[in-house]
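**Q** Build me a structure from this.
(one chain, ligands or ions: 2)
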Amino acid sequence: MSVAVMGTGKLGELVLAGLLRSGRPVDQVLATARRPERAAELAERYGIRPLSNEAAVARADVLVVGVKPQDAGKLLDEVGGKVTADKLVVSLCAGLPTSFFAERLPDGVPVVRVMTNTPALVDQAMSVLSPGAHATEEHLATAEEIFKPIGRTLRVPEYQQDAVTALSGSGPAYLYLVVESMIEAGVLLGLPRTVAHELAVQTAVGSAVMLRDSGEHPAKLRESVTSPAGTTAAALRELEVGGVRAAFLGALEAARDRARQIASDMAGPGR
Ligand SMILES: NC(=O)C1=CN([C@@H]2O[C@H](COP(=O)(O)OP(=O)(O)OC[C@H]3O[C@@H](n4cnc5c(N)ncnc54)[C@H](OP(=O)(O)O)[C@@H]3O)[C@@H](O)[C@H]2O)C=CC1
Ligand SMILES: O=C(O)[C@@H]1CCC=N1
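**A** Ligands and ions are numbered 1, 2, ... in the order given. Alright, predicted model coming up:
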């Protein structure tokens, strides 16, 4: 089964690299790019020969749409009409419902919507799948074959995908901001930047692995760090005064609302 990444940017490249890393033969991994310089970069890095969108649609069994949501309409105008119902379209586009694709593809073409994230780089992605109208169990399993080797997968009903995008799609950025802020705080306290960096990164990695492997609720793990009348309680009070929890609630709502806005901006003919 051959897979084409259509629009190989930051996320598309991670999927492409994951396909190759997971042992898929190089002649079954295809990619398209808009700019010749980008095509050359991908060819050099992965030993593939990027091809046109039209050639990818003709050759691949699975078409992974990696363009920005705002470019998806144009891509579908270009090649959507040539996609046949024996192919599978996998959309990585934030916000866009599978109905957006169904309206621009021939009748019966199956579409699976997937929200993955950048830890795909280290086979630690969280990829969340939802079937569109014509996608069967077999199509979902085919999509999972692409994403399981690069992390965890989960299926949710499509109406949950904007919330998923806000949590795990954008989530790495929130965690990086926390680590970045801890590094700056360490520097403020007088630590050399390299030391602050190492401490913050290893603390993030150790805490994340413990969270996953212990299976404990984060509140319990936080309590076990917080000694009575100790340093952690003093720090946590400042974070609560700063409204960190409320800021996260507001941030995820904003991300969810932005996903909805992207979809409504793209709705209608000619977009
Ligand atoms: N980045 C992330 O963490 C995540 C992104 N996503 C989704 O993934 C998608 C890609 O995001 P991201 O990788 O960040 O964005 P990028 O802009 O890095 O990637 C999009 C790529 O598509 C290319 N492209 C656009 N139109 C065409 C076309 N007609 N034919 C061929 N290639 C084309 C662009 O080319 P050019 O280089 O010329 O601009 C670019 O390389 C988005 O839909 C986003 O919502 C989902 C989850 C996480
Ligand atoms: O910021 C974005 O729109 C994309 C989708 C989720 C993560 N990055």
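
**Q** all strands of the stretch 101-250 of the chain, in order?
**A** Along the stretch 101-250 of the chain, counting by DSSP state E, counting those that start in this stretch, strands occupy 111-115, 125-131, 151-155.

**Q** excluding its backbone neighbours, what's nearest the closest residue to ligand 1 within the stretch 151-271 of the chain?
**A** Using C-beta to the nearest ligand atom, residue 169 is the residue of the stretch 151-271 of the chain that sits closest to ligand 1, at 4.3 Å. The way it works is simple: take the backbone N, C-alpha and C, and place the C-beta from them, glycine included. Nearest residue to residue 169, sequence neighbours excluded (C-beta to C-beta, 6 or more residues apart in numbering): residue 115, at 4.7 Å.

**Q** do the same with residue 118
**A** residue 172 (5.2 Å).

**Q** near ligand 2, which residues of the stretch 51-200 of the chain show up?
**A** 94, 165, 169, 170 (C-beta under 6 Å from any ligand atom).

**Q** possible to save those residues as CSV with pLDDT?
**A** Compiled in CSV, these are given as follows (pLDDT from 0 to 100):
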residue, pLDDT
94, 98
165, 98
169, 98
170, 98
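
**Q** quick one: stretch 26-39 to chain centroid distance?
**A** On the basis of C-alpha atoms, centre = their mean, to the nearest Å, stretch 26-39 sits 20 Å off its chain's mean C-alpha point.

**Q** Is ligand 1 within reach of it?
**A** Yes: contact of stretch 26-39 with ligand 1 (C-beta under 6 Å from any ligand atom) involves 32, 33, 34, 35, 38.

**Q** One more: stretch 52-64?
**A** Yes: residues of stretch 52-64 contacting ligand 1 under C-beta under 6 Å from any ligand atom: residue 53.

**Q** And the contacts of that stretch?
**A** Residues from elsewhere that reach stretch 52-64, judged by C-beta atoms under 8 Å, 6 or more residues apart in numbering: 1-6, 12, 15, 30-32, 51, 75, 78-79, 82-83, 86-90, 92, 142-143, 146.

**Q** For it, measure first residue to last.
**A** 14 Å (C-alpha to C-alpha, to the nearest Å).

**Q** same thing with stretch 48-60?
**A** 14 Å.

**Q** List the buried residues of that stretch.
**A** 48, 50, 51, 53, 56, 57, 60 (16 or more other C-beta atoms under 10 Å).

**Q** Ligand 1: which of those is nearest?
**A** residue 53 (5.2 Å).

**Q** hey, C-alpha coordinates of stretch 77-94 in CSV?
**A** Extracted as CSV, the C-alpha positions of stretch 77-94 are listed here (Å, rounded to 0.1, in the frame of the first residue of the first chain):
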residue,chain,number,x,y,z
ASP,A,77,-9.8,22.1,-6.8
GLU,A,78,-6.6,21.0,-8.5
VAL,A,79,-6.8,17.3,-8.0
GLY,A,80,-9.9,16.4,-5.9
GLY,A,81,-11.9,15.4,-9.0
LYS,A,82,-9.3,12.8,-9.9
VAL,A,83,-9.5,10.9,-6.6
THR,A,84,-11.4,7.6,-6.9
ALA,A,85,-13.4,5.8,-4.3
ASP,A,86,-10.8,3.0,-4.0
LYS,A,87,-8.4,5.6,-2.4
LEU,A,88,-8.3,6.8,1.2
VAL,A,89,-8.0,10.5,2.0
VAL,A,90,-6.5,11.3,5.4
SER,A,91,-6.8,14.9,6.5
LEU,A,92,-4.3,16.4,8.9
CYS,A,93,-6.0,19.9,8.6
ALA,A,94,-7.0,21.6,11.9
